[in-house]
Each structure stands twice: as structure tokens, then as C-alpha cells.
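Peer 1: Quick one, what's the 3D model for this:
(chains A and B)
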Amino acid sequence: MRHKLFGLLRRIGLLILVVWTVVSLVTILIELVPGDPAVAVLGEQATPEQLAQFRTKHGLDRPPFFFGFPADEHGQRHFKWYGLSNRYDDYWVAILHGDLGKSFRTDQPVFNLILERYPATIELAIVAMLIAVAIAIPLGVVAGKNRGTLLDNFLSVIALVGISLPSFVIGPMLVYLFAVKLGWLAPSGRFEWSDIILPAVTLGAALSAILTRMVRSSVIEELSEGYVRTARAKGLSERAVVYKHVLKNGLIPVVTVLGLQLGVLLAGAIITEKIFGWPGLGLLLVEDGIGKRDYRIVQGCVLAISTTYIIANTLTDMLYRWLDPRIRVS
Amino acid sequence: MNRLSIIGLVIVIVFVLVAIFAPWIAHYDVGATNLAMRYMPPSAAHWFGTDSTGRDIFSRVVFGARISLEVGVIVVLVSAFTGTLIGAVAGFYSGWVDSLLSGYVFNVFLAFPGLLLAIALVAFLGAGLNKLIFALCIIGWVGYARLIRAQVLKVREYDFVQAARALGAGDFRILFLHVLPNAIQPLIVQASLGMAGAVLAEASLSFLGLGVPPPAPSWGVMIEEARDLSTLQAAPHALIFPGLAIALTVLAFNFIGDGLREYLDPRQRRR
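Peer 2: Take a look at the predicted model:
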């Protein structure tokens, strides 16, 4: 019991350490911008007063870190201690107050912008996941039950093709087929309920392929277990054996993959949202952030997506331990 | 080797040859626009048709293979080398070195979705081929490091390693002459899948406008330029051919990786 508690504390400690590092990395990303971020945002023709005002407003006139090596008038660099008056510290204090800074362009709080866009991305990721699961379970079971047959090989190749086709190829092709040729669905936007179909299918395609492969190998592994023989021996129909017994056990690894893939979906949503003009975090990152060099928005979006990813992974790990007692014991 | 990996190998060889001999295979200048010839369907003169500015799609796909494979090879080589070194050190020395590397550093890198970290890096560094390669290496090495660490942990317990130590061999000699050569086999699988990942990532970032800047014939750029509604309507082939090129390349490396994995892991082969 004590050992278990220690393990849990260790995990929580590591989680805090990882989150701290990720946030730190994101905060110092802005230091990577070649040249002056103020010039990058306002342009070469901005007056020195405008640049100075911009720097003061966004705290860019403050030193980047607790210490630095500024050059003196002879070009010599010396160590200098700035104390708490630095951008890294500013950023942390702000984050702990739920403040992710203001947009460099519109002065809107980045936190509000993210909150506004977040639901659309989560909605897209969840529908994509549901579509992927709905496709993967029946296909994986059929492939696993018929291992080695022509059908199995065919499904396996389809799955590999699905993994290899990137969303930015599938997406425009779906647009071409269903919006341009058939005219059934809108090519972009988020106005009617049907608008989510194309982006969700695009985002979920690769996941459904990965899951199909997982379900297949899971089913194959479980079918060789002793309890399957018992179930068959007591006269259960093959259908009941597969769907009541095999699938139940076989889905445990699939749950893990699903949880881990949620983060991948969130990152993949960046591309899907761009293709379909889906107003989520990804579009905010690509169009308002990267496209307009609004670095505060980029920082905020990267932070929001990676934090969601870390939380999803941790929850998945806990769920996995709870689902499979064998892991709990070991 | 199974049939699919042979197919994969053939596709990869074709793409490598195309990339090497691109100037002799492509008939047109990849940047030469010709508005009179825009949206031409595939024909004898333009095998894959022309795009919205009249550029020859076949020539652009051919030269695009160069960019994709160049990025793929550099990223895989650099990340495999760095990952192997770091993973080997973590696995061989264990103790606090391992706790720091595999317990903390690996976890930090795995805490980011790879693509997001690459996007973030390039967004701040500015777009460009070198920066893109750098970003992909930053996200790429962890996979190799984890793999090699696990392998080294296993191999260093073998009798021949103990024997070498008993004979008085130093850490450096044991690690590089005895442990690593016996630990790097699964690296080939990872490298093959890594090529698929790098080609895909390059195209993704270029598609987002964060990779190779537009006139360059990156497959990702070509898809981005072909997906507006008027081009989709007039010339769907402008989307299909670069899309097919990406899919085939990624598929081929995945086939090879899968085949190699099965070949190296007899447990999977029986299945």
C-alpha cells in the first residue's frame, strides 16, 4: 500500500515537472524569433515610438530571463542578474492568474480567444473519434476472425493506406467529391450540424486505420486464450464468443490507444481545421497566430493543446490501470 | 520478406531514382508559369496536366521527390544518430543519468504532440527548409533514444558483455564495440517508419505554409495551392497527383517498416 502511494506521488511529481517544463519552453519560444518581435509584428515602417510603445505594452522591454549576458558599449558581454523583474516571471505570474497575455494585433485577452474556440475543436475531435471507433471495431473484428484470408489481407492493406493518406490529401478530395461534384455538403465553415461530417471523417480516417489494426491483433490474441475455448465448449454461439468475451478483453489496449490518440487528434485538428475553415483552436493558431505573427496567440494555443494532451495521457494511463488488474498488480 | 515490403522497396527505389535524375526526367521548368496553359488536363505534352498558373505538374512532382527524400534522409540520419547516442548512454549507465534522461527528458519531449512542437518551433524561427529539418530532428530523436535505451538495458546483461568487462575493457569500448552493434537491429524498423513520418511532416508543415516557401515544388505546397474551390473544380488532377506521390511514398516506407518488423520479430511472423 505504501509502495502504491509512493508510486502515485512519484507520478504526480513527474506530471508537475513535465507541465512546468512544457510551459517554460512555450514561454521562451518567443525568444527564438529572429530579430525583434515588435518589428516582426508592426513591420519595418513602424516608427521607433510605436515600437517602444508596443514593447512596453506587451512587456517585451523587460529582460527575458532571471539573468542575461547583455553587451556593454564596447560590445563585451557580461553576466547580469535581473531578479524577478523579467518576462519569464511575468508570464508565470500571469498564467497562475488565468491570464495568457493580450493579442499583439487586437489586444483581446488570449485566454478568452482560446475559450471561445476550444469547444469547436473538442467537438471535432470527439466526433472524429466516434467515427473512427464505429469504423474500426467491426472491421478489426472481421479481419481478426478471418485471419490470413483474402478478406483479412484486403482490410489490412486498406488500413495501411488509411494511415499513409494524410488529412490534407483526404480532406480536399472529400471536398471535391461531396461539395464540388455532388453538392451534398458545404466545403467549409461551421453553420449547420452536417458541416462537421467532412472534417470529422478527415480527422478520424487515420485513427480508424490505426484502431482497425489494433482491434485485429487484439482479437487474434484473445481468440487463442483458454477462456474462449471454455466459452465455445459450453455451447455459446461464435457471435456471442466474439462480441461478449473476446471484444471485452480485446478492447483494453484499444482504450489506451484512443486516449493517447486524443492528443494526436488535437494536433491533427490544426490541419483539418485549416482545410475546412473550422473555427477551432487550430484555425486560431494557424490563421490568427502564425499567419499574422501574433506570437501571444501562438504561445497560448500551443500551451492549451499540449496541456490537454498531457492531461488526456495521464487520465488514459489511470483508466488503463483500472481496467486491467494485471497491470495494477505489477 | 513479405510481398508488401518488396512492393514498398520497389516504390522507394523508383522515387529515389526519380529524385536523383529529376533534371533529366522533368521536361519543364518547375517555376515557369504560363497562364495560357492553365488547368490543362493530363495529356502527352503534360503527363499530369498543369496547375492554376500553367506550371507542369509532372515536373513539379518529380522535383518534389527531391525535397521530400532530402528532408526524410537528413531528419532520419540526424535523429537516429542523436537518439542512439543519448539512448545508449541512458541505458548503459542507468542510475541518475537514466533517471534524468528517460524519466524526465524523454517524458518532456513525449508530452508534446510531435507535430505541434514542430509547428511551434517553425512558427517562431520562421519558415524555411533548414529550420523545418531542425524542428523535425528536435521531435524525432526521442523515439530512437527510447528504443535504443531499452535494447541496451537488455544487451548489457548478456554474458559476452560480462566477459568483455572481465577482460578489462573500458566502458567506451564495451558500449560501442559490444553492446551497440547488438542493440541497433530494431533501429532499422524505426528508421523506415521515421522516413514515412518525416516525409509526412515535411508535407504537413509546407501545407501550413511553414516549410519550403511556395514557388518550390514541395508536395505539401502543391496540395495547398490546388485546394481552393475554383482549382478543385477546373483541375482536380492538380490535387490528385501530388497527393498520390505523398501517399505512395509514405505507404512504401510503412510497408518496408512493417515487413522488417515481422522479419526481425519471429513471434509476429508466426501470426
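Peer 1: So for the helix or strand where A:I122 lies, what gets flagged as buried?
Peer 2: Here A:I122, judged by DSSP states H and E, is contained in helix A:110-145. For helix A:110-145, a neighbour-count test (16 or more other CB atoms under 10 Å in any protein chain shown) marks A:110-111, A:113-114, A:117-118, A:120-125, A:127-129, A:131-133, A:135-137, A:139-145 as buried. Any C-beta I mention is one placed from the backbone N, CA and C, and that applies to glycine too.
Peer 1: what residues are up against residue 228?
Peer 2: Picked chain A for this. Neighbour list for A:V228: A:222, A:241, A:245-246 [criterion: CB atoms under 8 Å, 6 or more residues apart in numbering or on different chains].
Peer 1: actually it's chain B I care about, not the one you picked
Peer 2: B:S52.
Peer 1: Got phi/psi on it?
Peer 2: Main-chain dihedrals, B:D228, degrees, to the nearest 10: phi -80, psi 160.
Peer 1: Tell me how many other residues crowd residue 36.
Peer 2: Assuming you mean chain A. A:D36 has 13 neighbouring residues, counting by other CB atoms under 10 Å in any protein chain shown.
Peer 1: that's the wrong chain, I wanted chain B
Peer 2: For B:A36, the count of nearby residues is 6 (other CB under 10 Å).
Peer 1: where does the spatially closest residue to it that is not a sequence neighbour land on pLDDT?
Peer 2: Excluding the flanking residues, the one nearest B:A36 by CB to CB, 6 or more residues apart in numbering or on different chains is B:G54, at 6.7 Å. You'll see B:G54 listed with a pLDDT of 76.
Peer 1: Would you agree B:G54 falls within a strand?
Peer 2: No - looking at B:G54 with DSSP: H, G, I helix; E, B strand; the rest coil, it is coil, so not inside a strand.
Peer 1: Enumerate every residue touching it.
Peer 2: Residues in contact with B:G54 (CB under 8 Å, 6+ apart) are B:33-38, B:40.
Peer 1: ok so, going back, could the contacts of A:V228 be laid out in a markdown table, adding distance to A:F154?
Peer 2: Converted to a markdown table, these look like this (distance: CB to CB, whole Å):
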| residue | distance to A:F154 |
| --- | --- |
| A:E222 | 22 |
| A:V241 | 24 |
| A:H245 | 26 |
| A:V246 | 22 |
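Peer 1: so which of the residues you listed comes closest to B:L69?
Peer 2: A:E222 (40.7 Å; CB to CB).
Peer 1: tell me what the host helix or strand of that closest one is packed against?
Peer 2: In this structure, A:E222 sits in helix A:197-223 according to DSSP H and E. The contact analysis (3 or more CB pairs under 8 Å, 6 or more residues apart in numbering or on different chains; DSSP states H and E) places helix A:197-223 against helix A:110-145, helix A:150-164, helix A:167-174, helix A:247-276.
Peer 1: and A:G204, which of those is closest to it?
Peer 2: A:G204 sits nearest to helix A:110-145 of all the helices and strands packed on helix A:197-223, at 3.6 Å, using CB to CB.
Peer 1: got the angle for the closest one vs helix A:150-164?
Peer 2: 160 degrees (axes from the mean of the first three to the mean of the last three CA atoms, to 10 degrees).
Peer 1: I'd like the next helix or strand past the helix or strand where B:G72 lies.
Peer 2: For B:G72, the host element (DSSP H and E) is helix B:57-93. Using DSSP H and E, the helix or strand that follows helix B:57-93 in sequence is helix B:95-98.
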